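> sequence-free structure coming up:
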């Protein structure tokens with residue numbers, strides 16, 4: 001069960017407050033319900049303006065009874081001293097997400113030291129680019145239990161304080177423009193399987209950055225999301241099966257990407273790069289393909305399909321195809337039923353093993369088609 005409160009869900013706020021009061025009153029039905037709450041999410045700033053110390057105390061006192069509550073997420077709110085105390089009181093908390101939040105102005109080093117006592121398996125601290133926000137917490141992260149870390153490292157923000165021992169990270173996502181601050185994390189993460197560096201400058205500031213990583217680093221890396229120039233250095237010799245290119249067209253032939261120690265099964269790539277270079281010749285074992293439009297110019301589904309329909313070999317093992325568009329409504333593409341049939345015919349003739357087709361636009365609307373269901377469905381991605 002997930003409880004969510006905030007300016008976008010006022011009824012959920014009332015429901016959450018009512019539940020907390022009933023829990024503290026030891027009502028049996030409320031205590032039973034509390035045992036099923038696994039996630040608690042708050043969306044600010046409206047709710048947070050109500051968060052007096054007494055209000056927070058009530059919430060977190062009730063959360064002590066939520067024995068299965070493992071995840072707490074805060075969106076666009078303010079991290080307070082009382083909130084950190086509350087997190088420490090949640091018995092099973094192992095996942096904390098702070099999305100574009102700020103820290104209370106009178107935070108002291110004593111309060112920050114309390115943050116370091118949180119033993120988390122998953123931690124997300126990401127702020128908007130124009131503010132340090134919760135990046136002030138970076139030096140106080142406890143890495144001893146962390147498996148998933150998603151963090152923003154700003155140029156002017158404080159550095160991480162890494163332990164001497166290796167980390168247990170399996171997933172690492174860093175929002176930074178320079179790879180320099182990421183190197184230390186990468187060198188200390190021998191178990192890392194997923195590395196996401198989507199916001200790096202396409203051309204590295206320091207061309208010698210890769211010399212700090214040798215073949216002994218990142219031995220388990222299976223998925224990488226980064227600009228082209230970084231992938232060229234990180235892929236060779238590592239067991240990459242999922243590749244997500246975060247920038248525009250590559251300058252060189254993609255054959256170097258074949259130097260992965262494993263077959264690449266999932267590829268995400270800009271449409272402009274996909275049609276410019278013979279990726280079909282290098283990824284015959286591909287099972288999932290995601291093509292996205294990275295230019296401001298509108299590109300339609302039909303235009304993308306026309307670029308690949310003459311390919312005779314296709315990706316013979318492809319099971320899943322996703323086409324993501326910018327500035328083009330999916331619902332506007334299929335204004336008549338025959339277009340749906342034409343689109344599916346092109347896809348199935350090009351990819352004979354296809355099972356799922358997904359069309360997504362910039363408004364996070366989607367159309368998807370499962371071959372077994374034999375019909376298109378429209379919906380929204382949550």
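That came in fine, so what should we check first? Since this is a predicted model, take the numbers as computed values, not measurements.

> The stretch 1-150 of the chain: helices as residue ranges?
10-24, 28-34, 53-63, 81-89, 109-115 (DSSP state H, counting those that start in this stretch).

> nearest to residue 361, of the ones you listed?
Smallest distance to residue 361 across those (CB to CB): 27.7 Å, for helix 10-24. Placement of C-beta: from N, CA and C, glycine included.

> Average pLDDT for the closest one, rounded please.
The average pLDDT for helix 10-24 rounds to 76.

> Show me how far it is from its chain's centre.
Offset of helix 10-24 from its chain centre (CA atoms, centre = their mean, to the nearest Å): 30 Å.

> For that helix, name the packing helices and strands.
strand 2-6, helix 28-34, helix 53-63 (3 or more CB pairs under 8 Å, 6 or more residues apart in numbering; DSSP states H and E).

> so of these, which one's packed in deepest?
Mean neighbour count (mean count of other CB atoms under 10 Å) peaks for strand 2-6 among the helices and strands packed on helix 10-24, with a mean of 19.

> just to revisit the earlier point, for residue 162, find the nearest of the helices of the stretch 1-150 of the chain.
Closest among the helices of the stretch 1-150 of the chain, using CB to CB: helix 109-115, at 16.3 Å.

> Give me the contact list for that closest one.
Contact with helix 109-115 is made by 81, 84-85, 88, 136-137, 139-141, as judged by CB atoms under 8 Å, 6 or more residues apart in numbering.

> Now it: average pLDDT?
84.

> Show me which residues of it are buried.
111-112, 115 (16 or more other CB atoms under 10 Å).

> Generate JSON lines for those residues, with distance to residue 342 as supplementary columns.
Output for those, formatted as JSON lines (distance: CB to CB, whole Å):
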{"residue": "111", "distance to residue 342": "61"}
{"residue": "112", "distance to residue 342": "59"}
{"residue": "115", "distance to residue 342": "56"}
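
> Name the nearest of those relative to residue 163.
Closest approach between these and residue 163, by CB to CB: residue 115, at 15.9 Å.

> how close does the closest one get to residue 189?
Residue 115 sits 22 Å away from residue 189, going by CB to CB, to the nearest Å.

> Same check on residue 27?
Residue 27 is 46 Å from residue 189, by CB to CB.

> more neighbours, the two?
With neighbours defined as other CB atoms under 10 Å, residue 27 and residue 189 compare such that residue 189 has more, 24 against 14.

> In this structure residue 206 contacts residue 180, no?
Yes: judged on CB atoms under 8 Å, residue 206 makes contact with residue 180 at a distance of 6.5 Å.

> which one of these two has more residues nearby?
In terms of neighbours (other CB under 10 Å), residue 180 is the more surrounded of residue 206 and residue 180; the figures are 15 against 12.

> Mind splitting this protein into its structural domains?
2-286, 287-382 (automatic domain parsing).

> hey, which of those domains is tucked in deepest?
Greatest burial across the domains of the chain, using mean count of other CB under 10 Å, falls to domain 2-286, with a mean of 17.

> Distance from that domain to the middle of the chain?
The answer for domain 2-286 is 7 Å, by CA atoms, centre = their mean.

> what about residue 53, distance to residue 302?
On the measure of CB to CB, residue 53 and residue 302 end up 58 Å apart.

> OK, contacts around the closest residue to residue 94 other than its chain neighbours?
What sits nearest to residue 94 in space, not counting adjacent residues and going by CB to CB, 6 or more residues apart in numbering, is residue 121, at 4.4 Å. Going by CB under 8 Å, 6+ apart, residue 121 touches 94-95, 145-148.

> For those, give me JSON lines that also has distance to residue 127 and pLDDT.
Formatted as JSON lines, these follow (distance: CB to CB, whole Å; pLDDT from 0 to 100):
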{"residue": "94", "distance to residue 127": "22", "pLDDT": "96"}
{"residue": "95", "distance to residue 127": "18", "pLDDT": "98"}
{"residue": "145", "distance to residue 127": "23", "pLDDT": "94"}
{"residue": "146", "distance to residue 127": "19", "pLDDT": "97"}
{"residue": "147", "distance to residue 127": "22", "pLDDT": "98"}
{"residue": "148", "distance to residue 127": "18", "pLDDT": "98"}
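
> and those as a markdown table, adding distance to residue 360?
Shown next, in a markdown table, are the contacts of residue 121 (distance: CB to CB, whole Å):
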| residue | distance to residue 360 |
| --- | --- |
| 94 | 31 |
| 95 | 26 |
| 145 | 35 |
| 146 | 31 |
| 147 | 28 |
| 148 | 24 |
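
> From those residues, which land in strands?
Among these, the residues falling in strands (DSSP state E) are 95, 148.

> which stretch among the helices of the stretch 1-150 of the chain comes nearest residue 230?
helix 109-115 (31.0 Å).

> So which residues make contact with stretch 202-220?
178-180, 183, 186-187, 189-193, 195, 227-230, 233-234, 237-239, 247-248.

> Sounds good, over and out.
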